[in-house]
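**Student:** Just to be clear, the model below is a prediction. Sequence and coordinates:
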Amino acid sequence: MTVPSLMQNYQRQSYVTQLHKVYNELSQAAVQYQTARNAVNLKEAGLNSQTAAEEFIEKYFKIVQKCGDTQTPCFEEKSNYKKLSGNQLTAWTSPMTHYVIASGASIGVRYNSSYEMICEIYVDVNGKKGPNIVGRDLFPIFLYNNGVIDDSGFSADITAPMTRDEREANYSVCISSEASSWHGCFGKILNDNWEMTY
């Protein structure tokens, strides 16, 4: 392998490692939240509003900065994020509360009780630093009512954990030129055993 491809592979693995760290923290937080309240799911435990979602993040993550519903300075400006296709992002979910956590990652949380989901969480694994590309250092991940973290399941018949085929179908959204939808790369990473193979 050439030096540039080795460097590229190293950088990709670094992003995945940082994403996996946030994933682990979030997964542990969901278990602790549910267990502390002796509940069968997160809604029953009290995760049932935007305020509750913010309290959840603030209790279980070490917050360095809170930016509220303003994207910056916790995240880069939306106009500076691109998709893998090169298209500039045109959508950023609202309302969403934005934070920087101790690891240096930026996270945004939005309560969303669509279907079995409970929270949309945007993760920029290295904060405002580049490359600011969806599927490289920026990922939307989804916390489900059963405590599972997975990709987007915007359908009544999709529950978490999603199947390999459901995740592969979602991946087409991540690599498409459509700039208003950008989930799918996280599921691909889950399918490929925490490796960025794309």
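**Tutor:** Good, I have the coordinates. Numbering: from 1, shown residues only.
**Student:** Tell me if I'm right that Tyr122 and Phe139 touch.
**Tutor:** Yes. Contact criterion CB atoms under 8 Å: Tyr122 and Phe139 qualify, at 7.5 Å. Quick note: C-beta positions are derived from backbone N, CA and C, even for glycine.
**Student:** Those two: which is more packed in?
**Tutor:** Higher neighbour count among Tyr122 and Phe139: Phe139, with 26 against 21, using other CB atoms under 10 Å.
**Student:** what secondary structure does that one sit in?
**Tutor:** Three-state secondary structure (criterion: DSSP: H, G, I helix; E, B strand; the rest coil) places Phe139 in strand.
**Student:** before we move on, what about Trp182?
**Tutor:** coil.
**Student:** leaving aside the residues next to it on the chain, what's closest to it?
**Tutor:** Once flanking residues are discounted, Trp182 sits nearest to Val134: 4.5 Å by CB to CB, 6 or more residues apart in numbering.
**Student:** Quick check: beta-bridge partners of that neighbour?
**Tutor:** For Val134, the beta-bridge partners under DSSP bridges are Leu138.
**Student:** Helices along this structure, start to end?
**Tutor:** Ranges of helices in the chain, per DSSP state H, are 3-36, 42-45, 50-60, 164-175, 185-191.
**Student:** okay, those in JSON lines with distance to Gly153 next?
**Tutor:** Output for the helices of the chain, formatted as JSON lines (distance: least, CB to CB, whole Å):
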{"stretch": "helix 3-36", "distance to Gly153": "16"}
{"stretch": "helix 42-45", "distance to Gly153": "15"}
{"stretch": "helix 50-60", "distance to Gly153": "18"}
{"stretch": "helix 164-175", "distance to Gly153": "7"}
{"stretch": "helix 185-191", "distance to Gly153": "9"}
